[in-house]
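I would like to see how this sequence folds:
(chains A and B)
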Amino acid sequence: MVVTRFAPSPTGYLHIGGLRTALFSYLWAKKNGGKFILRIEDTDQNRNSQEAADAIVEAFKWLGLSHDGEIEYQSRRMDIYKRYIQKLLDTGKAYHCYMSKEELNELREEQMAKKERAMYDGRYRDFNGTPPEGVEPVVRIKAPLEGKIVVEDGIKGDVTFDVKDILDDFIIARADGTPTYNFVVAVDDALMGINTVIRGDDHLSNTPKQMVVYEALGFEIPKFYHVPMIHNSEGKKLSKRDGATDVMEYKELGYTPEALLNFLVRLGWSHGDQEIFSMDEMMDMFDPKDINRSASIYNVDKLDWLSAHYIKNMPNNKLSDLLEYFGLVLSSHDKREILLDALKDRAKTLQNMADLIGEVLSAPVIYDEKAVKKAFKDDASEILNDFAARLKKSENLHLPVDYHHVMEELVNEKGIGFGKIGQPLRVALLGKLSGPGLDVVMSVIGRDDTLARIDAAIKANS
RNA sequence: GGCUCCAUCAUCUAAUGGUUAGGAUUCAAGGUUUUCAUCCUUGCCAUAGGGGUUCGAAUCCCCUUGGAGUCACCA
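Below is the predicted model of the structure:
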């Protein structure tokens, strides 16, 4: 059984990069009928981890992702970590170090001055004398002093580290007794049965340390997949300053979960030439071995395209439901279908769609200056008046086609082009020269509103 | 700086050692549309550089260059 996990530190919200590794982990677990565990890494607990967990769960919920079992909080597992630290102490695989922070800094400075690597010198590694007074010791693990550590990574291949380049007897418990990151990650992953770790490749250099812990405790090392970073347009690691990095911002912006997930799954992963993936397809086709080796740059153009694609292909009742979040209640509108059909392939996002609908539903408050200049010349007012008169005496104006007939009639009888009536009418109805079909607009707002808008436009612009 | 990773169009990416280096987004042009958008068609655009290995290299090896990540009693 494949057991994966997503293990964010509680920084407040779900990050777009985190979401991608979470998605990869989720897909791989679910595809294999396994489990996907959510673990909050709050050993330092300077922040409100509950809030962070809630934010992450909320985001997962929006996206339709779910984790198995209860959320694990590291802050609630302190007893477990203490027990394993004690075990290492008892078996001589870890030891107390009485070096003070000052001494440590001193050592580091000396090493820096000599251009050596800053590392612990192991002075308490085999210490069995009387400990110095007044120093609360940290616990250090006995790391190997020489040799190589090979991380067998499913994406990068075998990555070899020379122990003397990267390791020292690192701290596994602070002076206050709390355990440190590399220790708890290894302990938790092992204890929770996580056999497949999919995470950002910024963790690759931590992996040897975690392997030392696995080794010391006799745990089995999981399969690692270190996923390349997502970069900003500058080519640097994505940070808060790069626009929207909070997943929930995308909801506010009007992106749908399918679009966002589809966008993210294709960042660093591909399946031939396929661009559009439903959740089922992702699950069916995803395999971490197909993840790219190189970092990718985050670019919203494609997200916009996907977003538009999903809106275009969404059933109207679902679209209507989603639009309510953006303040639009259409359920009782008798021309809902016509309206949504006409606008769904013009919108990039739900927010955008709501705006476009708003432009149809409410009369223009301002008329675009250029549009007026272009459309309201010569006999535009006269033609509009003629058109209004025809509307007034027409019966049974309901569907777009009904309005279209009236336009056609006018155009034919006067021997003019469609543009002659179309342009000024468009300005009258929408205040500008772009937008959905005029017959659709008139059908949606009805005859009375149409007449009112024509009237208002003539008064304002002639 | 040490260590590690990475390198195909502007961007996301495809290509058992043999392809006119493919697709998608963006951009541009044309068609459709009374307008705009959608949609359709077409076009522009890439194997970082240098050495090898090989009949043959985007693909394997080495070097250079460039980029990224990481080096805590943070996670």
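
what sits closest to A:Phe341 if chain neighbours are left out?
To be clear, residue A:341 is Asp; Phe isn't right here. Of all residues not flanking A:Asp341 in the chain, A:Asn316 sits nearest, at 7.1 Å (C-beta to C-beta, 6 or more residues apart in numbering). Backbone N, C-alpha and C define where each C-beta goes, glycine included.

closest point of chain A to RNA strand B, which residue?
Proximity to RNA strand B, evaluated over chain A using C-beta to the nearest atom of the strand, is greatest for A:Gly422 at 1.6 Å.

tell me which element that residue is part of?
helix A:418-430 (DSSP states H and E).

what's that helix packed up against?
helix A:369-375, helix A:380-393, helix A:400-414, helix A:438-461 (3 or more C-beta pairs under 8 Å, 6 or more residues apart in numbering; DSSP states H and E).

residues of the helix or strand A:Asn105 falls within that come out buried?
Using DSSP H and E, A:Asn105 sits within helix A:101-113. Neighbour-count burial for helix A:101-113 flags A:Leu104, A:Leu107 (criterion: 16 or more other C-beta atoms under 10 Å).

next one: stretch A:297-304
Buried residues in stretch A:297-304 (16+ other C-beta under 10 Å): A:Tyr298, A:Leu303, A:Asp304.

now do the last one against A:Leu260, distance only.
Right, the one you point to is A:Asp304. Distance, A:Asp304 to A:Leu260, using C-beta to C-beta, to the nearest Å: 11 Å.

now the helices for the stretch 151-300 of chain A?
Taking DSSP state H, counting those that start in this stretch, the helices of the stretch 151-300 of chain A run over residues A:163-166, A:181-191, A:207-217, A:247-253, A:257-265, A:279-285, A:300-312.

quick one: name the residues of the stretch 101-250 of chain A near RNA strand B.
Residues of the stretch 101-250 of chain A lying close to RNA strand B by C-beta under 7 Å from any atom of the strand are A:101, A:104, A:115, A:117-118, A:138, A:156-157, A:159-162, A:165-166, A:170-171, A:174-176, A:178, A:180-182, A:201-206, A:228-229, A:231, A:234-237.

give the buried subset of those residues as a PyMOL selection command.
The buried residues among these can be selected in PyMOL (16+ other C-beta under 10 Å) with this line:
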select buried, chain A and resi 104+138+156+159+161+170+171+178+180+181+182+201+203+204+228+229+231
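
intersect the buried residues of stretch A:297-304 with the contacts of RNA strand B.
Among the buried residues of stretch A:297-304, the ones lying near RNA strand B by C-beta under 7 Å from any atom of the strand are A:Asp304.

just to revisit the earlier point, tell me the buried residues in the helix holding A:Gly422?
Neighbour count says helix A:418-430 has A:Lys420, A:Ile421, A:Gly422, A:Gln423, A:Pro424, A:Leu425, A:Arg426, A:Val427, A:Ala428, A:Leu429, A:Leu430 buried, by 16+ other C-beta under 10 Å.

just for the stretch 351-462 of chain A, where's the confidence low?
Residues of the stretch 351-462 of chain A meeting the criterion pLDDT under 70: A:462.

at the contact with RNA strand B, which residues of it appear?
Residues of the stretch 351-462 of chain A lying near RNA strand B (C-beta under 7 Å from any atom of the strand): A:418-419, A:421-423, A:425-426, A:433-439.

surely A:Lys335 meets A:Val441?
No - applying C-beta atoms under 8 Å as the test, A:Lys335 and A:Val441 come out as separate, 10.2 Å apart.

settle it for me: which of these two has more neighbours?
A:Val441 (25 against 19; other C-beta atoms under 10 Å).

so what's the more buried one up against?
Applying C-beta atoms under 8 Å, 6 or more residues apart in numbering to A:Val441 gives the contacts A:Val360, A:Leu429, A:Leu430, A:Gly435.

from what I see, the first one and A:Leu339 are in contact.
Yes - with contact defined as C-beta under 8 Å, A:Val360 counts as touching A:Leu339 (6.8 Å).

got any residues that touch both of the two?
With C-beta under 8 Å, 6+ apart, A:Val360 and A:Leu339 have common neighbours A:Val444.

for stretch A:57-71, buried residues please.
A:Val57, A:Ala59, A:Phe60, A:Trp62, A:Leu63, A:Leu65, A:His67, A:Ile71.

roughly how far out does that stretch sit from the chain middle?
13 Å (C-alpha atoms, centre = their mean, to the nearest Å).

what's it in contact with?
With C-beta under 8 Å, 6+ apart as the test, stretch A:57-71 has contacts from A:6, A:13-14, A:19, A:22-23, A:26, A:29, A:35-40, A:53, A:247-248, A:251, A:257, A:260-261, A:279.

among these, the buried ones, what's the PyMOL command?
Selecting only the buried entries of the contacts of stretch A:57-71 in PyMOL, with 16+ other C-beta under 10 Å as the criterion:
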select buried, chain A and resi 6+13+14+19+22+23+26+29+35+36+37+38+39+40+53+247+251+257+260+261+279
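
nearest to A:Ala94, of the buried residues of helix A:418-430?
Relative to A:Ala94, the closest of the buried residues of helix A:418-430 is A:Leu430; by C-beta to C-beta it sits at 73.1 Å.

contacting residues around A:Asp169?
Counting by C-beta under 8 Å, 6+ apart, A:Asp169 has contacts A:Tyr95, A:Cys97, A:Tyr120, A:Gly122, A:Arg125, A:Arg140, A:Ile141, A:Lys142, A:Ala143.

greatest separation within the residues you listed: which pair is it?
Farthest-apart pair in the contacts of A:Asp169 is A:Cys97 and A:Ala143; separation 12.7 Å (C-beta to C-beta).
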